[in-house]
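Trainee: Predicted coordinates and the sequence they were generated for:
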Amino acid sequence: MEYSPSVLGQMLFTGALMGSIYGAVAMGFSLIFGVAKIVNFAHGGVVVWVMYGVLLAARSGVAHPYVAGLVAIPLCYWIGHGVQRTLMARVSAMSDDMQIIYTFGLLLVLTYMAQFFFGPDVHYLPTSGRSVEFGGVVLQAETIIAGALALGSALALHAFLSRTWLGKAIRASADNRRGAMLIGLDVTRLSRVAMALSFALAALAGTILITVTTFYPLRAFELAVLAFVIVVLGGMDNVFASFVAGVLIGMLEALGTLIFSPSIAQMAIYALIFAVLLVRPQGLLSRQATK
Amino acid sequence: MQKDQDSIGQNDRQNIRRAVLKGGAVAAGAAFVPQFAKAATEIPIGVVVGLTGAAADYGRDALRAFQLVADRVNRSGGIKSLGGATIKLLVADHQSDLRVASSETERLITRENVLGILGWAASGPARVGSEVSERYQVASIDTSVDYKLTERGLKYFYRAAINTRQTCERGVEFVQEMEKTQGAAVRRVAIVHEDLAYGTGAGDLFKAAIERVGRWQLVDRVAYTAAKLTEASGIVNKLKAQNVDVVFQASYPADGILIQRAMKQLRLNLVANVHPAGAPPNLQYVGNLKDDANYVITTLGWTPSMAEKLPAGAKATVDEYTKRHNVAVQDQAGYSLSAAAAMVAALSQISSLDRAALWQAIDKIDVTFGQDPNVIIPFGIKWDEKHDNSKAQPVVTQILGQQLAVVSPKELASHAPVVPAPAWDKRG
């Protein structure tokens, strides 16, 4: 089958925009792994809880989803701070296995609490119906805004981590925790800031996701797996690489769907992850060698 | 009045208990009799449905229907052939989990000594649960829709619901009818389905039915991973690139909503989008898509709008259900009312609490629509050689004004079909 330029363009633009959104979901997951060395599966649960919060605000007429997101982001930042002080305080002292069990347990708690409070039903916010068209490509306004917000947040986070003192301190703590302590950095405080930022990124991801997709409590598991897969592909220690890996997965998914089928595209992504783990376990985009 | 009924019921139960104790002494050597003799005033019927998990919507609807029929029978003096014994429903939640479906079915059979089973209201749990009931030779009447369930040659398993073979084949037939009556030009068709049992089975059935038509070109069969779609413009873009006229689709609500939204976004104008039940009858589909759900066609056994054309007795059942549970009678509830009615009809044919006797009675069931007010789905219940309900006939519905309206057959139709569906930019 031959594909017209408009069909290919549609797939590539949609894939890149959706991939940016996937990247936004994964950045918070990557950040907390990089700094606190915690594989935080509960991240998917936080994203879904934010989606419910935004849904309630939007459906009750209290606030537009983006306005609700503006409230959710700082709120989640402080919740993340509190979570690192309390629930996560002892996690860094646990073994890697126990950490995974602990955060997976938190994911279960968040998912089933969402099911208890909101029921198992599917939710979806109606779209504005506005779209942008060029050369036979139709892009929905919400998808463009979501992709742009995801890209903006990735660039802002990258600038924060590479240009500010606090960002550099977080990276130093991620690269060498013991060294950071020796030069007088308060790694406990830095972990709290990283967790707070991770929660804020989850809030951003939840806000943009709700404008483009359906969701229900069990979506938390899929998001946790998606974030994990993207971070493995990009490199566990590089936040911006996670964003790029998200875009890569979005485009692979789009092209795989067009050329083969959605099921085969999904399978190909997991096959790619498996290949990356075998050949380059530090991730495709990571500059660090495997220890 | 209620008190009188209760006291009458108590006397009856005492008399029955005495009779059964006498009988029990005579038959003390029989293995099963002592177990049932203790509960002779009650007929233990197992109900295994999903009250939690992914199939909870269907399980709750099924249980509501079973309870309504059992309560009606018990209020009217129980099962006459069993001396007025009342039906006791022993309910287990399979949690939409195959392992739990198996263990709970076994528990009801071995520990609660149920005489028969009503369930499972979800194809996956039905597949494993029915294997267990078959092993123990306990008759079961199911309300799941996967056509493969009755293709396993099970002796003790019956299905009251419409199955996907019937709904898929009716969907393809309906499009052929629309070609003739509405002048709809159909050349290129595609199948879109999720990749679990329901979607894959429906995809196979659609493919076979389309091949039998012969003159349509099946340009693509798109399978996607169920409940994993984040957006569906990839699928729809692919269909658009192939200029499809009709899409035959089998989706669950979360994916169905995304695909329909992408059809609007990319303005995929179709002659018809046909589903075998699946997403469109689910309240979440129209609830989320609103007017964007309009003109989607779905073939199923029951939709609440059919209540308007029911005979008085069946209409009273629908009204009682709605009043009692404060929800409309959805298709799963309709199938479950039929399943419970079949079980009651079989119980009325036996004179002892014997599993083999119940199985034989179920096997001979022939309930005519209009005779039993508990049966609201046209056109009654009778099993074919596979133990499917040969009297069940799917209706074709179309979402019009955000409501599922019956458009075929004529005797049940409330609206004329709108085929081809209006182009997206011509919709209000």
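Mentor: That came in fine, so what should we check first?
Trainee: for the stretch 301-428 of chain B, what spans make up the strands?
Mentor: In the stretch 301-428 of chain B, the strands defined using DSSP state E, counting those that start in this stretch lie at B:366-368, B:380-382, B:395-400, B:403-408.
Trainee: Between those strands, which one is closest to chain A.
Mentor: Taking Cβ to the nearest Cβ, strand B:395-400 is the member of the strands of the stretch 301-428 of chain B nearest to chain A, at 15.7 Å. For the C-beta atoms, the positions are set from N, CA and C on the backbone; glycine is no exception.
Trainee: Now A:Met113: which helix or strand?
Mentor: Here A:Met113, judged by DSSP states H and E, is contained in helix A:96-118.
Trainee: buried sites along that helix?
Mentor: By 16 or more other Cβ atoms under 10 Å in any protein chain shown, the buried positions in helix A:96-118 come out as A:99, A:102-104, A:106-107, A:110-111, A:114-115, A:118.
Trainee: Now name the helix or strand holding A:Val54.
Mentor: Per DSSP H and E: A:Val54 is located in helix A:42-59.
Trainee: hmm, I was thinking of A:Gly179
Mentor: Per DSSP H and E: helix A:177-182 holds A:Gly179.
Trainee: end to end, how far does stretch B:236-256 reach?
Mentor: End-to-end distance of stretch B:236-256: 12 Å, with Cα to Cα, to the nearest Å as the criterion.
Trainee: now swap in stretch B:326-336 and tell me
Mentor: 17 Å.
Trainee: what does the stretch 151-291 of chain A put close to chain B?
Mentor: A:209, A:212-216, A:218, A:222, A:253-254, A:257-258, A:261-263, A:265-266 (Cβ under 8 Å from any Cβ of the partner chain).
Trainee: what about 10 Å?
Mentor: The stretch 151-291 of chain A comes close to chain B at residues A:209, A:212-216, A:218-219, A:221-223, A:225-226, A:250, A:253-267, as judged by Cβ under 10 Å from any Cβ of the partner chain.
Trainee: possible to save the strands of the stretch 301-428 of chain B as JSON lines with distance to chain A?
Mentor: Formatted as JSON lines, the strands of the stretch 301-428 of chain B follow (distance: least, Cβ to the nearest Cβ, whole Å):
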{"stretch": "strand B:366-368", "distance to chain A": "33"}
{"stretch": "strand B:380-382", "distance to chain A": "31"}
{"stretch": "strand B:395-400", "distance to chain A": "16"}
{"stretch": "strand B:403-408", "distance to chain A": "18"}
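Trainee: Nearest to chain B among the buried residues of helix A:96-118?
Mentor: A:Gln115 (8.3 Å).
Trainee: Tell me which of the strands of the stretch 301-428 of chain B is the most buried.
Mentor: Using mean count of other Cβ atoms under 10 Å in any protein chain shown, the stretch among the strands of the stretch 301-428 of chain B with the largest mean neighbour count is strand B:395-400, at a mean of 25.
Trainee: Okay, now the sheet partners of that strand, with direction.
Mentor: Under the criterion DSSP bridges, strand B:395-400 sits next to strand B:297-300 (antiparallel), strand B:403-408 (antiparallel) in its sheet.
Trainee: Pull the residues that contact the longest one.
Mentor: For strand B:403-408, contacts defined as Cβ atoms under 10 Å, 6 or more residues apart in numbering or on different chains pick out B:170, B:173-174, B:177-178, B:280-281, B:285-286, B:293-294, B:296-300, B:302-306, B:308-309, B:331, B:394-400, B:412-419.
Trainee: Show me the shaky parts of the chain.
Mentor: I'll assume chain A. By pLDDT under 70, the low-scoring segments of chain A are A:1, A:286-291.
Trainee: The chain in question should be chain B.
Mentor: In chain B, residues with pLDDT under 70: B:1-40.
Trainee: Can you give the domain ranges for it?
Mentor: Listed domain ranges for chain B are B:41-162+B:310-382, B:165-300+B:394-426 (source: automatic domain parsing).
Trainee: Rebuild those domains as a markdown table, extending it with distance to A:Ile144.
Mentor: Converted to a markdown table, the domains of chain B look like this (distance: least, Cβ to Cβ, whole Å):
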| stretch | distance to A:Ile144 |
| --- | --- |
| domain B:41-162+B:310-382 | 33 |
| domain B:165-300+B:394-426 | 12 |
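Trainee: Run through the helices of the stretch 201-350 of chain B in chain order.
Mentor: For the stretch 201-350 of chain B, the helices defined by DSSP state H, counting those that start in this stretch cover B:233-241, B:253-265, B:283-289, B:312-325, B:331-347.
Trainee: Reformat these into JSON lines and put distance to B:Arg355 and mean neighbour count next to each item.
Mentor: As requested, those are exported to JSON lines (distance: least, Cβ to Cβ, whole Å; neighbours: other Cβ atoms under 10 Å in any protein chain shown):
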{"stretch": "helix B:233-241", "distance to B:Arg355": "48", "mean neighbour count": "25"}
{"stretch": "helix B:253-265", "distance to B:Arg355": "38", "mean neighbour count": "25"}
{"stretch": "helix B:283-289", "distance to B:Arg355": "38", "mean neighbour count": "21"}
{"stretch": "helix B:312-325", "distance to B:Arg355": "28", "mean neighbour count": "16"}
{"stretch": "helix B:331-347", "distance to B:Arg355": "11", "mean neighbour count": "28"}
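Trainee: wait, doesn't A:Leu87 sit right on A:Leu106?
Mentor: Yes. The pair A:Leu87 and A:Leu106 passes the contact test of Cβ atoms under 10 Å, sitting 7.1 Å apart.
Trainee: So what's the residue count around A:Leu182?
Mentor: A count of nearby residues for A:Leu182, using other Cβ atoms under 10 Å in any protein chain shown, gives 9.
Trainee: who touches it in this structure?
Mentor: Taking Cβ under 10 Å, 6+ apart, we find A:Leu182 in contact with A:Asn176.
Trainee: need the residues of the stretch 251-400 of chain B near chain A, please.
Mentor: Residues of the stretch 251-400 of chain B lying close to chain A by Cβ under 10 Å from any Cβ are B:252-258, B:261-262, B:264-267, B:279, B:282-285, B:287-292.
Trainee: ok, now with 7 Å
Mentor: Applying Cβ under 7 Å from any Cβ of the partner chain, one finds that the stretch 251-400 of chain B approaches chain A through B:253-254, B:257-258, B:261, B:265-266, B:284, B:288, B:290.
Trainee: which residues touch the helix holding A:Met113?
Mentor: With contacts defined as Cβ atoms under 7 Å, 6 or more residues apart in numbering or on different chains, helix A:96-118 is touched by A:38-42, A:44-46, A:48-49, A:52, A:91, A:94, A:217-218, A:220-221, A:224.
Trainee: can you check stretch A:10-23 too?
Mentor: A:137, A:139, A:143-144, A:146-147, A:150-151, A:154, A:208-209, A:212, A:226, A:230, A:242-243, A:246-251, A:253-255, A:258, B:230-231, B:233-234, B:237.
Trainee: wait, what's in contact with B:Lys148?
Mentor: B:Lys148 neighbours (Cβ under 7 Å, 6+ apart): B:Gly201.
Trainee: hang on, it is in a helix, isn't it?
Mentor: Yes. Remark: B:Lys148 belongs to a helix, assigned using DSSP: H, G, I helix; E, B strand; the rest coil.
Trainee: So what does B:Leu118 have for phi and psi?
Mentor: phi -110, psi 130 (degrees, to the nearest 10).
Trainee: Bridged to it, which residues?
Mentor: Counting by DSSP bridges, B:Leu118 is bridged to B:Val47, B:Ile141.
Trainee: doesn't B:Ile141 make contact with it?
Mentor: Yes. Here B:Leu118 reaches B:Ile141: they are 5.7 Å apart, a contact under Cβ atoms under 7 Å.
Trainee: Please enumerate the shared neighbours of these two.
Mentor: What both B:Leu118 and B:Ile141 touch, as defined by Cβ under 7 Å, 6+ apart, is the set B:339, B:343.
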